[in-house]
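Enquirer: predicted structure and sequence below. I'll ask about it afterward.
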Amino acid sequence: MKKKLIKETTKHFEKQFHNKPEAVFLSPGRINIIGEHVDYNDGFVLPAAINKYICFAVSTNDTGVCTIVAKDLNDAYKFHSNDALVPVDKMWVNYILGVLHQLKSKGFPEKGFDIVFSSSIPMGAGLSSSAALECGFGYAMNKLFDLGVSKEEIALIGQKSEHTFVGVKCGIMDQFASVFGKKNKAIKLDCTSLEYEYHNANFKKYALLLLDSNVKHTHLTSGYNDRRNEVEQGLSIIKSHFPEVKSFRDCTENHLANVKNELGELLFKRCHFVINEIRRVNEAVATLDKNDFEKLGQLMYETHEGLSKEYEVSCTEIDFLVNAVRSEKSVLGARMMGGGFGGCSINLVEKGTENELIAKVSETYRNAFGIELSAYKIKISKGTTKV
Ligand code: GAF
């Protein structure tokens, strides 16, 4: 599948630009084992890159003209390298222009380039095709024009592009996972310091299975930014009473209980989720190290409860998918994954039982919502790379 993607992207490049690309890059999507909506709350997260990619075939040119061809969308965008860069009407273009805008402040020359990109990451499924696009493009430009930008900076540039050109105030998890992914390893990332460590993500008898609700997250931008505002308000109330609390990671149930009235029901729920999710990530890392997958599964179910009832970023269809597997002996845990309001559930499932489970859940899901489920048996893979 990876080979096919590379071959077809390269072939399309040759057809468009009548030449072989100078280089080809792959940038992966990501899963997140646990630690949802805590990357922008100074928490820890546990993501990993997966074997679904955006492939970029790229060349420089001497004309100063920059052409980007989105093969799957049958669309293209052209501009001159000395044009002022501002957000445009095409969303996919903004992810790229946002990155280029920042690379220009890091010495990007006024030169042209030709790009074709194509993806095997399902869009709107919560697998971070946007981070793969930002980071893959940034990584490719960095290599091609020898800019000397570090991998960490590529991830940060991707994040900033999303803030400034797309309008989603995302955290750093997705971009970091896409760039720093490693085969069979989960990344425990400290979202404050950006220190990270790899942990074994070989689940032995078990495997990760994604069930895609095929509900596209239409409220993602507004819902996501709303949640950020809510937790910011909550934290500033907590801090005003407890100077020792510098961020959510210093905050305990006791602190929260003391300011419950002032927070009100909504902010209390949001903050309660955040402090418990940060705790769960630390517990989950220990389960990976001890191969205690039953416990990991329980933590995943707990996270889902929090995301659904306290943080309120799930939706009826995803709640249905998580509930549908709860009584299955072959499933240790499941939860909504990513920003929410649609997308995928991530399931920890006994190896060999996946197809039976997919068939069963597909049928009940179709009966309940009239929607066809998609399922992905993913592998944990390496981050953005030159092919
Ligand atoms: C989206 C964001 F882009 C991430 O930064 C993260 O906050 C995630 O939602 C929720 O954990 O994918």
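Expert: Yes, it's here.
Enquirer: ok so Gly171 is a strand residue?
Expert: No - per DSSP: H, G, I helix; E, B strand; the rest coil, Gly171 lies outside any strand segment and is coil.
Enquirer: so how many other residues sit close to it?
Expert: 22 (other CB atoms under 10 Å). All C-beta spots, glycine's among them, are computed from the backbone N, C-alpha and C.
Enquirer: SS state for Ala375?
Expert: Assignment for Ala375 (three-state DSSP): strand.
Enquirer: how close does it sit to the ligand?
Expert: 20 Å (CB to the nearest ligand atom, to the nearest Å).
Enquirer: pretty sure that residue contacts Ser213?
Expert: No - Ala375 is not in contact with Ser213 according to CB atoms under 8 Å; the separation is 10.9 Å.
Enquirer: of these two, who's got more company?
Expert: Comparing Ala375 with Ser213 by neighbour count (other CB under 10 Å), the higher total belongs to Ser213, at 26 against 17.
Enquirer: got any ranges where the protein has weak pLDDT?
Expert: Along the chain, segments meeting pLDDT under 70 span 218-220.
Enquirer: can you pull the contacts of Leu46?
Expert: 32-35, 186-189, 199, 281, 284-285, 288 (CB atoms under 8 Å, 6 or more residues apart in numbering).
Enquirer: in helices, which of those residues appear?
Expert: Residues of those located in helices (DSSP state H): 281, 284-285, 288.
Enquirer: quick check: of those, which lies closest to His304?
Expert: His304 has its nearest neighbour among those in Ala284, at 13.3 Å by CB to CB.
Enquirer: who's in contact with the nearest residue to that closest one once chain neighbours are set aside?
Expert: With CB to CB, 6 or more residues apart in numbering as the criterion, Ala284 has its nearest non-adjacent residue at 4.5 Å, and that residue is Ile34. Residues in contact with Ile34 (CB under 8 Å, 6+ apart) are 45-46, 277, 280-281, 284, 296, 299-300, 303, 335.
Enquirer: what about Ile34, distance to Gln233?
Expert: 25 Å (CB to CB, to the nearest Å).
Enquirer: which parts of the stretch 151-300 of the chain are strands?
Expert: 185-190, 196-200, 206-212 (DSSP state E, counting those that start in this stretch).
Enquirer: close to the ligand, is the longest strand seen in the chain?
Expert: Ranked by residue count, the top strand of the chain under DSSP state E comes out as strand 47-61. No - using CB under 6 Å from any ligand atom, strand 47-61 stays clear of the ligand, with a minimum separation of 8.6 Å.
Enquirer: tell me which strands and helices that strand is in contact with?
Expert: Secondary-structure packing of strand 47-61 (3 or more CB pairs under 8 Å, 6 or more residues apart in numbering; DSSP states H and E): helix 2-17, strand 23-32, strand 112-119, helix 129-144, helix 173-180, strand 185-190.
Enquirer: hang on, Glu22 packs against Phe145?
Expert: No - the criterion here is CB under 8 Å, and Glu22 misses it with Phe145 at 11.0 Å.
Enquirer: any common contacting residues for those two?
Expert: By the contact definition CB under 8 Å, 6+ apart, Glu22 and Phe145 are jointly contacted by Thr60.
Enquirer: what does this structure put close to the ligand?
Expert: Residues of the chain lying near the ligand (CB under 6 Å from any ligand atom): 36-37, 39-40, 128, 170-171, 173-174, 338-339.
Enquirer: of these, closest to Phe242?
Expert: Nearest member of the residues of the chain next to the ligand to Phe242, counting by CB to CB, is Tyr40, at 20.7 Å.
Enquirer: so who does the residue nearest to the closest one when sequence neighbours are not counted touch?
Expert: In space, and not counting its chain neighbours, Tyr40 is closest to Gly171: 3.8 Å by CB to CB, 6+ apart. If you count contacts by CB under 8 Å, 6+ apart, Gly171 has them with 38-41, 45, 159, 191.
Enquirer: also Cys135?
Expert: 27, 154-155, 158, 175, 178-179, 384.
Enquirer: now do the phi/psi pair for Lys329.
Expert: phi -60, psi -30 (degrees, to the nearest 10).
Enquirer: please apply the same query to Met336.
Expert: phi -60, psi 150.
Enquirer: show me the beta-bridge partners of it.
Expert: On the basis of DSSP bridges, Met336 is bridged to Ser345.
Enquirer: contacting residues around it?
Expert: Here Met336 is in contact with 36, 304, 307-308, 313-314, 318-319, 322, 343-345 (CB under 8 Å, 6+ apart).
Enquirer: ok, the residue in the stretch 201-350 of the chain that the ligand sits nearest to to Val313 distance?
Expert: Nearest residue of the stretch 201-350 of the chain to the ligand: Gly339, at 3.4 Å (CB to the nearest ligand atom). As judged by CB to CB, Gly339 and Val313 stand 7 Å apart.
Enquirer: who touches both of those two?
Expert: By CB under 8 Å, 6+ apart, the residues touching both Gly339 and Val313 are 37, 223-224.
Enquirer: just among these, which is most surrounded?
Expert: His37 (26 neighbours).
Enquirer: from Leu100, how far off is it?
Expert: 29 Å.
Enquirer: what does Phe176 give?
Expert: 20 Å.
Enquirer: phi first, then psi, for the residue nearest to Ala284.
Expert: Backbone geometry at Ile34, expressed as degrees, to the nearest 10, gives phi -160, psi 160.
Enquirer: what residues are up against the closest residue to Gly306 other than its chain neighbours?
Expert: Leaving out its chain neighbours, the residue that sits closest to Gly306 by CB to CB, 6+ apart is Phe273, at 4.3 Å. The neighbourhood of Phe273, defined by CB under 8 Å, 6+ apart, consists of 37, 306-307, 310-311.
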